[in-house]
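In: 3D, please:
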Amino acid sequence: MSHEILSAKLSQLDHKIAMLHLRIRKCKALDQAELLREINQLNNEYLEAEKQLQNALQQSHSPITAILSHSYENMLSTVKETTAKIADINKTASNHENIAESKLLLAEYALDFAMQAAEHALLISLEAMAAQYPEEIETGESSCMK
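Out: The predicted model follows:
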């Protein structure tokens, strides 16, 4: 059963990644006004997806989901704080090239963090599959967190 659930989630992720590639290629050809509209639309989509995830976390009755929800809130707070600090640095930047370079660096690391999160999700997925075997001893701790 876990294999089917995880496969469905991976298919969703594959689709999202393909859409990211498509959107980046499409945006390379946009002028500034079109690009700003695209940014605004993507921001709205992001906020809606964030709201849906928070709602899903709140709807669950599992104590594990409560822990995940708290961690997610902490992560969002950290991201907002970090974004504000970077914006402050960019306010004192000497030119637009420095700001663009700063935003590119942020984007590169955000993608690195996303890859790390995906690899962590893979490890947890395999551990979930292994936990279905009767001889598996449940420790409650992911091996990647040791």
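In: any buried residues in whichever strand or helix holds residue 120, and which?
Out: Using DSSP states H and E, residue 120 sits in helix 96-130. For helix 96-130, the neighbour count (16 or more other CB atoms under 10 Å) marks 99, 125 as buried. (Each C-beta comes from the backbone N, C-alpha and C, glycine too.)
In: show me how far that helix is from its chain's centre.
Out: 7 Å (CA atoms, centre = their mean, to the nearest Å).
In: mind giving me the packing neighbours of it?
Out: helix 2-27, helix 63-91 (3 or more CB pairs under 8 Å, 6 or more residues apart in numbering; DSSP states H and E).
In: could you check the angle helix 63-91 makes with it?
Out: 170 degrees (axes from the mean of the first three to the mean of the last three CA atoms, to 10 degrees).
In: just want the angle from helix 96-130 to helix 2-27.
Out: Using the same axes, to 10 degrees: helix 96-130 against helix 2-27 is 160 degrees.
In: now helix 96-130: mean pLDDT?
Out: The average pLDDT within helix 96-130 is 90.
In: what separates the residue most central in space within the chain from residue 123, distance-wise?
Out: Residue closest to the mean C-alpha point of the chain, counted by CA atoms, centre = their mean, is residue 114 at 5.7 Å. To residue 123, residue 114 is 15 Å away according to CB to CB, to the nearest Å.
In: and residue 77, by the same measure?
Out: From residue 77 to residue 123 the distance is 25 Å (CB to CB).
In: any idea of the pLDDT on residue 9?
Out: Value listed for residue 9 in the pLDDT field: 90.
In: what does residue 61 give?
Out: 90.
In: re earlier: figure out which of the helices and strands packed on helix 96-130 is closest to residue 38.
Out: helix 2-27 (5.7 Å; CB to CB).
In: and the closest one, what's buried?
Out: residue 6.
In: list of residues touching stretch 35-48?
Out: Surrounding stretch 35-48, the residues in contact under the criterion CB atoms under 8 Å, 6 or more residues apart in numbering are 23, 26, 27, 30.
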